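J.: Provide a 3D model corresponding to the input given below.
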Amino acid sequence: MTKLSRGAETILLGMKIILISTYELGRQPFGVVSPAAWLRRAGHDVSCLDLTRESLDEGRVREAELIGIYLPMHTATRLAAKLIPRLRELNAGARLCCYGLYAPMNARYLRELGVGTILGGEFEAELVKLAERVSVGNNEGVPAAQSEKEISLERLGFLVPDRAGMPGIEKYAHLVLPDGSHRVVGSTEASRGCKHLCRHCPIVPVYDGVFRIVQRDVVMADVRQQVAAGARHISFGDPDFFNGIGHAQKLMEEFHREFPEVTYDVTIKIEHLRKYEKELSTLRSTGCLFVISAVEAVDDEILERLDKGHTREDFLHVARKFRELEMTLQPTFVAFSPWTTVDGYLDLLRVIVEEDLVENVAPVQLGIRLLIPEGSRLLELAETRELVGAFDAESLVYPWRNVDARVDRLSEAVQAIAADADAKKLSRPEAFARIWEAAHLAAGVEAPELGLRGGRAVPFLSEPWYCCAEPTKAQLVSIGAVASNAKPAASTAGERVGVSADGFV
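T.: Coordinates of the predicted model:
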């Protein structure tokens, strides 16, 4: 912050701030471009860095008075933990702030690394307040970290995200259509938080059943600027697009009226897809190409432990309704948990085959392991507390192993198959066939002939979103590279995430 004196008047000029995203799957990070708009409106000089697309700009780090690191995911947090010592080395005087879902969940560990401020929830206004405090503190002493509000659920009047200075949207995930053609994808958010309390979800420890909408005019203005930049598909990053059904209905209709040739995708719970089943036709008629839904499991006992709010039969009902409407459902899974059995895993694969969903499921989805971070509601269950190990501060998880060693070996085998399928550019059915064989081998039984019905090809993003999962081996390599090189290296999407046949992390 610079002071200019004009007689008795003192004018404060904007301070230099850098906002850094270490990891967010295939999207220009909303959690960087949204606060950038707020901070720039307040008169600050804001630089934005996305380390999945560009190298660390050490010059800008050295100049910064405030460094904000956006932590929307577990892997982003682990990457940030490796990056923070380098940031401190480059600029020991800057105030460090970590913000986003995983910041308050890992506050103690981050503070030990030298992070002065932790912000979660609705962080835009809090970042502006922090900048004001730091600007005064540079001359009069920075207020104690204890006086800062870690989690704010304030209702905000959002600003249109300021995407200036970010890598172009064409550098991020693209839409792959069934005919093999691609479209440039933009991304935005229409809401935050969630009114549900799934035990494994990282949103719950921060929002605790609260959700907040982004005003419709702001969402549309953000869509408008990305369409002007070349987007022909918009990916909505809401935890659940139908949390506010009235908001969603009006947004779908306005979106399609203004952009009838632009498609979109959303994420919606199975529970909501059943409750608001009449709205499925509206999704289809307004250009929704596919719906992502966190099914997680087809075992009702596991679903109950996760407090998912749906049953196996609910999922089957929704899958069949989507087929009836000729819509695309993209189910995601946490295929491996402490309660997964070999027989249960075989059952999951059979359901995917029987419901004609092989094309709809990215191979890596079938190797995902349950993440149990600090603050997880899963720790409310006595059986969870009994099976997990002591908290691992470096990995930021409560480690667990399945009681059946075959299950853990199978999860490793499936991840390896997914990585190999990506390297060899195998189709989803080809990768699934290999996973089918591996699962039956683990069970010690001969794999029956698959008899795939040749399901229709489906549209998908080259780097689809997922959450609630431990890092894959490929991601651990990326984290290790940050530790050894002291900064993330820019890479192509395939090199960065490369564990599936379609770029999925």
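
J.: chain center to the helix ranked longest in the chain, what's the gap?
T.: When the chain is parsed with DSSP state H, its longest helix is helix 405-423. The chain centre lies 22 Å from the centre of helix 405-423; the measure is C-alpha atoms, centre = their mean, to the nearest Å.

J.: per-residue confidence averaged over the helix or strand following that helix?
T.: Following the chain from helix 405-423 toward its C-terminal end, the next helix or strand by DSSP states H and E is helix 428-443. Model confidence over helix 428-443, given as mean pLDDT, is 97.

J.: Enumerate the positions of helix 428-443 that are buried.
T.: If you call a residue buried by 16 or more other C-beta atoms under 10 Å, then helix 428-443 has these buried ones: 428-429, 431-436, 438-440, 442-443. Any C-beta I mention is one placed from the backbone N, CA and C, and that applies to glycine too.

J.: Low-confidence regions, the chain specifically.
T.: Applying pLDDT under 70 to the chain flags the ranges 1-13, 137-149, 453-455, 464-505.

J.: Identify the single longest strand in it, thanks.
T.: strand 288-296 (DSSP state E).

J.: and G93, what is it in contact with?
T.: Contact analysis of G93 by C-beta atoms under 8 Å, 6 or more residues apart in numbering lists E65.

J.: Export only the CA atoms of stretch 215-226, formatted as PDB.
T.: Presented in PDB, the C-alpha positions along stretch 215-226 are these (Å, rounded to 0.1, in the frame of the first residue of the first chain):
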ATOM      1  CA  GLN A 215     -27.800 -13.400  -8.300                       C
ATOM      2  CA  ARG A 216     -29.200 -14.400 -11.700                       C
ATOM      3  CA  ASP A 217     -28.100 -11.100 -13.400                       C
ATOM      4  CA  VAL A 218     -24.600 -11.800 -12.200                       C
ATOM      5  CA  VAL A 219     -24.600 -15.400 -13.500                       C
ATOM      6  CA  MET A 220     -26.000 -14.300 -16.900                       C
ATOM      7  CA  ALA A 221     -23.400 -11.500 -17.200                       C
ATOM      8  CA  ASP A 222     -20.700 -14.000 -16.500                       C
ATOM      9  CA  VAL A 223     -22.100 -16.400 -19.000                       C
ATOM     10  CA  ARG A 224     -22.300 -13.500 -21.500                       C
ATOM     11  CA  GLN A 225     -18.700 -12.600 -21.200                       C
ATOM     12  CA  GLN A 226     -17.500 -16.200 -21.700                       C
END
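
J.: Identify all contacting residues around it.
T.: Identification of contacts with stretch 215-226 by C-beta under 8 Å, 6+ apart yields 157-161, 163, 169, 186-190, 231, 234, 247, 250-251, 254-255, 258-259, 262.

J.: Next: stretch 47-63.
T.: Here stretch 47-63 has contacts from 16-24, 28-29, 32-33, 36, 64, 67, 79, 83, 86-87, 90-91, 94, 164-167, 171-172, 487-491, 496, using C-beta under 8 Å, 6+ apart.

J.: Equivalent analysis for stretch 372-383, please.
T.: With C-beta under 8 Å, 6+ apart as the contact definition, stretch 372-383 has outside contacts at 74, 102, 104-106, 197-202, 204-205, 305-307, 370, 384-385, 388, 391, 396-398, 400.

J.: Return the members of the residues you listed classed as buried.
T.: When burial is judged by neighbour count using 16+ other C-beta under 10 Å, the buried members of the contacts of stretch 372-383 are 74, 102, 104-106, 198-202, 204-205, 305-307, 370, 384, 388, 396-398, 400.

J.: Filter those residues down to the ones in helices?
T.: Of the buried ones among the contacts of stretch 372-383, the ones assigned to helices by DSSP H are 74, 102, 104-105, 204-205, 305-306, 384.

J.: Farthest-apart pair in the residues you listed, please.
T.: Of all pairs drawn from these, the greatest distance, 24.3 Å, lies between P104 and R305 (C-beta to C-beta).
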